[in-house]
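here's a sequence, model it:
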Amino acid sequence: MDLLTLFGALFGVTAIVAGFSLEGGHFTSLFQLEAFVIVLGGTFGAVMIQNTWARFYDGMKQLRLAFVKARQVDRQSLSVLLEWGDQAKLNGMLVFESIEAAGINPFAKRGLELLANGVSTAVLEDALQRELDAYERNHMAAARIWQQAGGYAPTFGILGAVLGLIQVTGHMLEPAQLGQGIAVAFVATLYGLALANLVFLPLYGKIRAQVDSELRFRRLYLDGLLAISRKESPHTIETRLAGDVRERSAELLG
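Have a look, this model is predicted:
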């Protein structure tokens, strides 16, 4: 589990509340259910209008990606490819018909099945590249619902402020009602900005980074499987991909 996501959110909220308290504000005044309902409900309503049910559901499912560690592109991944290269060199492509599938990435498993079926390198590359493109297209489209939410939330914060001010103007002769209306107005704006910049947009960035990591991982297997299809020796495969593994590992660490 990637605890940095949870820690970052808690740290940001704590900083906002602590700063407000240092300025003499009361902690409880930041909690306004009316403002929360306006901002969150309006934001997700707008996102639903912009998307299909399937896309919205996929976006909700992708939320889990923000809390898991990115898949590592490391030497172990290359070692698996080199082992497959050795098996293909010694026993031919048919060896992949009986390979143990447990623990193999579904994308790589699909490539091994194609190799076992004796498809040409061009067909293998086309099939796997299409699968990669579909993965990127579908996952990025679903992830963008969080970017959309980040764009709508501040606007609904302003809408909440306007509604709060309407409440104020409707009770100008009732001082007891003025405070509640003003609180909703300002807190709604705060919720809109905070949800956009501390929750929705960071979630989009984190999910996008996870999708990019998965794409890098799969491209490594694509390159390796193509090399095996071309009957390159394991030594050649290692020479070709070792630098790529180091570069991609450095990106993940960075």
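
look at the closest residue to Ile16 other than its chain neighbours and report its pLDDT.
Closest residue in space to Ile16, ignoring its immediate chain neighbours: Ala194 at 6.6 Å, by CB to CB, 6 or more residues apart in numbering. All C-beta atoms are positioned from the backbone trio N, CA, C, and that covers glycine. Among the per-residue scores, Ala194 holds a pLDDT of 92.

same check, this time on Leu252
44.

and Glu247, by the same measure?
At Glu247, the model reports a pLDDT of 55.

which residues touch the nearest residue to Asn105 once chain neighbours are set aside?
Using CB to CB, 6+ apart and skipping the chain neighbours, the partner closest in space to Asn105 is Tyr221 (6.7 Å). Contacts for Tyr221 were tallied using CB atoms under 8 Å, 6 or more residues apart in numbering; they are 77, 81, 105, 107-108, 111.

roughly how far does Tyr221 sit from Ala194?
In this structure, Tyr221 and Ala194 are separated by 40 Å, where distance is defined by CB to CB, to the nearest Å.

re the thing from before, ok, how many other residues are close to the residue nearest to Ile16?
Number of residues near Ala194 (other CB atoms under 10 Å) recorded here: 20.

now it: which helix or strand?
Taking DSSP states H and E as the criterion, the element that holds Ala194 is helix 175-195.

before we move on, what about Gly118?
Element membership for Gly118 (DSSP H and E) is empty, with no helix or strand holding it.

tell me who's in contact with it.
With contacts defined as CB under 8 Å, 6+ apart, Gly118 is in contact with Met93.

how about the backbone phi and psi for it?
The phi and psi torsions at Gly118 (degrees, to the nearest 10) take the values phi 80, psi 30.

and Lys231, by the same measure?
With angles defined as degrees, to the nearest 10, Lys231 sits at phi 60, psi 30.

can you map out the helices along the protein?
3-22, 33-50, 53-61, 75-91, 106-116, 121-169, 175-195, 201-229, 234-253 (DSSP state H).

what angle do the longest one and helix 33-50 make?
Relative orientation of helix 121-169 versus helix 33-50 (axes from the mean of the first three to the mean of the last three CA atoms, to 10 degrees): 140 degrees.

check the first one too.
Between the direction of helix 3-22 and that of helix 33-50, the angle (the same axes, to 10 degrees) works out to 140 degrees.

give me the residues contacting helix 3-22.
Under CB under 8 Å, 6+ apart, the answer for helix 3-22 is 27, 30, 66-67, 194, 198-199, 202-203, 206.

the fourth one too?
Counting by CB under 8 Å, 6+ apart, helix 75-91 makes contact with 95-96, 99, 112, 115, 217, 220-221, 224-225, 227-228, 231-234, 237-238, 241-242, 245, all of which sit outside it.

show me where pLDDT drops low in the stretch 51-200 of the chain?
Confidence mapping of the stretch 51-200 of the chain against pLDDT under 70 gives the ranges 73-74, 101, 170-181, 183.

highest mean neighbour count out of the helices of the chain?
Comparing the helices of the chain on average neighbours per residue, with mean count of other CB atoms under 10 Å, the densest one is helix 201-229 at a mean of 20.

distance of the residue nearest to Ile16 relative to Ala70?
If you measure Ala194 against Ala70 using CB to CB, the figure is 26 Å.

same check, this time on Leu115
From Leu115 across to Ala70, the span is 27 Å (CB to CB).

residue contacts, the closest residue to Ala153 other than its chain neighbours?
The spatially closest residue to Ala153, leaving aside those adjacent along the chain, is Ala196, at 4.0 Å (CB to CB, 6+ apart). Residues touching Ala196, when contacts are defined by CB under 8 Å, 6+ apart, comprise 149-151, 153-154.
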